[in-house]
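>>> Show me how the following folds:
(one chain, ligands or ions: 2)
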Amino acid sequence: MRFRSFFRASQIKASSLLFRRLYSHSRPQGRRPSFGIAFDIDGVIIRGGDPIGGSPQALSRLYAEDGSLKIPYIFLTNGGGVPESKRACELSGLLGVQISPLQVVLGHSPFRNLLSRFENDLIVAVGKGEPAKVMLEYGFKKVLSIDDYASFLKDIDPLSQYKSWRINQIYEITKNVDELHSSLNVDSDAVKATFIVSDPVDWGRDIQVLCDILSCGGLPGKAKGHQPALYFASDDLQYQAAFPSERLGMGAFRIALESIFNRVNNRPLHYTSFGKPNPFVFKNAESVLMRVASTICGELDIVDDTKENQFRSIYMIGDNPIVDIDGAAEAGRPWFSILTRTGVFKGRDNHQDYPADLVVENVQEAVEFILKKEAL
Ligand code: G3P
Ligand code: MG
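Ligands and ions are numbered 1, 2, ... in the order given. Below you'll find the predicted structure:
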């Protein structure tokens, strides 16, 4: 099931103001650029933590000599696990350019739209990195990472003693956990929703604990009951990391959890998946790009999405035909898809089922093509 919703302008406004402060030396009020670029991260910009395909050089072409941004661009990734502000810092350090949190749209970014529904409910956040911190930053008040939640339930993982790699592991400790620790009673405080924020680390333990929560009305070990809500930040079956062949992603974890839950319960698992290729992700990317554009050209107010403010072209540069290219194709005009050979796609010609508007070797070639086409 795909969730269709749009970011609220007010939520983006805060990052937009921060962005304006960061770029206060940007060029004076001028013509709004007629195009924007959305970069996929894994398999296009980075692979296993290292820049690839000439990405630092490609991005530097989008800045003026004084370091101010001249071409509106964003990162549009299904990955995540840390707050947008932290990812922006990490990417700035890695790629050698100044990147604002406004320019970072992660798989889990749309979770903030569920705040009004679960703000004061107990929720569990799953995945690598700092999943609970991500949700706390979005405003959720009672958040536990699955590591912390499992630690409250003695013997929930019968294999924990064999996981030597878990011994001495530093769990995600937040002020929130300390506060919750004293007030939480796992026997009576039901989990109302579970969020798969980023790729799960311990699939066996996570599937076990999630099955417990989702089968028993949010109270593991108790009688079967109504299924709490379940959200996935994306549904990528595979993605490109450092290893030569693709790695199993969040979509693979979803399939594993779903098939086990359905067998154990004899009823279907209900869930919602976000991320590319959902059309709402591309619609949201358009308005974020619009805000980046209005900020860098010195407009004081956030512009609305009226026709004269729309982009003539938006380029999606991705490595995954099923996710990035199909998403851009479904979104339609003004999206133009560019497929690189640095990640999931390794073919010689275009992809058969999800052909891109253009296939290139890497992101540097993609950016050169765009700048030439736009006569810059
Ligand atoms: O876990 C990350 C992966 O599923 C996809 O990342 O940047 O290729 O959308 P990206
Ligand atoms: Mg990718």
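>>> Near ligand 2, which residues of the stretch 201-350 of the chain are found?
Residues of the stretch 201-350 of the chain found near ligand 2, taking Cβ under 5 Å from the ion as the criterion, are 319-320. To be clear about C-beta, it is placed using only N, CA and C from the backbone, and glycine gets the same treatment.
>>> a helix runs through residue 286, doesn't it?
Yes. Assignment of residue 286 by DSSP: H, G, I helix; E, B strand; the rest coil places it within a helix.
>>> Next, report how far stretch 360-367 is displaced from the centre of its chain.
Between the centre of stretch 360-367 and the centre of its host chain there is 23 Å, according to Cα atoms, centre = their mean, to the nearest Å.
>>> where's residue 310 relative to residue 277, distance?
Here residue 310 is placed at a distance of 21 Å from residue 277 (Cβ to Cβ, to the nearest Å).
>>> Between the two, point out the one with more neighbours.
For residue 310 versus residue 277, neighbours defined as other Cβ atoms under 10 Å are more numerous around residue 277 (25 against 15).
>>> which non-adjacent residue is nearest that one?
The spatial neighbour of residue 277 that comes closest, neighbours along the chain excluded (Cβ to Cβ, 6 or more residues apart in numbering), is residue 327 at 3.1 Å.
>>> quick one: which helix or strand includes the one you found?
Using DSSP states H and E, residue 327 falls within helix 326-331.
>>> any residue of that helix up close to ligand 1?
No. If you take Cβ under 6 Å from any ligand atom as the test, helix 326-331 misses ligand 1, and the best it gets is 10.0 Å.
>>> and if you look at stretch 32-51?
Yes. Contact between stretch 32-51 and ligand 1, assessed by Cβ under 6 Å from any ligand atom, occurs at 40-43.
>>> just those now: which is nearest residue 256?
For residue 256, the nearest member of the residues of stretch 32-51 next to ligand 1 is residue 42. The distance, counting by Cβ to Cβ, is 20.5 Å.
>>> Which pLDDT value belongs to the closest one?
At residue 42 the predicted local confidence, pLDDT, stands at 97.
>>> check contacts around it.
The neighbourhood of residue 42, defined by Cβ atoms under 8 Å, 6 or more residues apart in numbering, consists of 77, 79, 239-241, 319, 343.
>>> circling back: kindly format the C-alpha coordinates of the helix holding residue 327 as PDB.
Taking C-alpha atoms only, helix 326-331 is exported to PDB below (Å, rounded to 0.1, in the frame of the first residue of the first chain):
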ATOM      1  CA  ASP A 326      10.000   4.400 -12.800                       C
ATOM      2  CA  GLY A 327       9.200   7.000 -10.100                       C
ATOM      3  CA  ALA A 328      10.300   9.900 -12.400                       C
ATOM      4  CA  ALA A 329       8.400   8.400 -15.400                       C
ATOM      5  CA  GLU A 330       5.200   8.000 -13.300                       C
ATOM      6  CA  ALA A 331       5.600  11.600 -12.000                       C
END
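>>> Please identify the buried residues of it?
326-329, 331 (16 or more other Cβ atoms under 10 Å).
>>> do stretch 141-155 as well
Going by 16+ other Cβ under 10 Å, stretch 141-155 has these buried residues: 141-152.
>>> What about the residue of the stretch 201-350 of the chain found nearest ligand 2, how many residues nearby?
Checking the stretch 201-350 of the chain residue by residue against ligand 2 with Cβ to the ion singles out residue 319 as nearest, at 4.5 Å. Other residues near residue 319 number 29, with proximity taken as other Cβ under 10 Å.
>>> can you tell me how far it sits from residue 46?
Using Cβ to Cβ, one obtains 11 Å as the distance from residue 319 to residue 46.
>>> For the helix holding residue 327, which outside residues touch it?
Under Cβ under 8 Å, 6+ apart, the answer for helix 326-331 is 276-279, 281-283, 316, 318, 335-337, 354.
>>> residue contacts, the residue of the stretch 201-350 of the chain closest to ligand 2?
The neighbourhood of residue 319, defined by Cβ under 8 Å, 6+ apart, consists of 40, 42-44, 240, 339-345.
>>> The same query, at a cut-off of 10 Å, please.
Contacts for residue 319 (Cβ atoms under 10 Å, 6 or more residues apart in numbering) come out as 40-45, 47, 52-53, 239-240, 246, 325, 339-346, 362-363.
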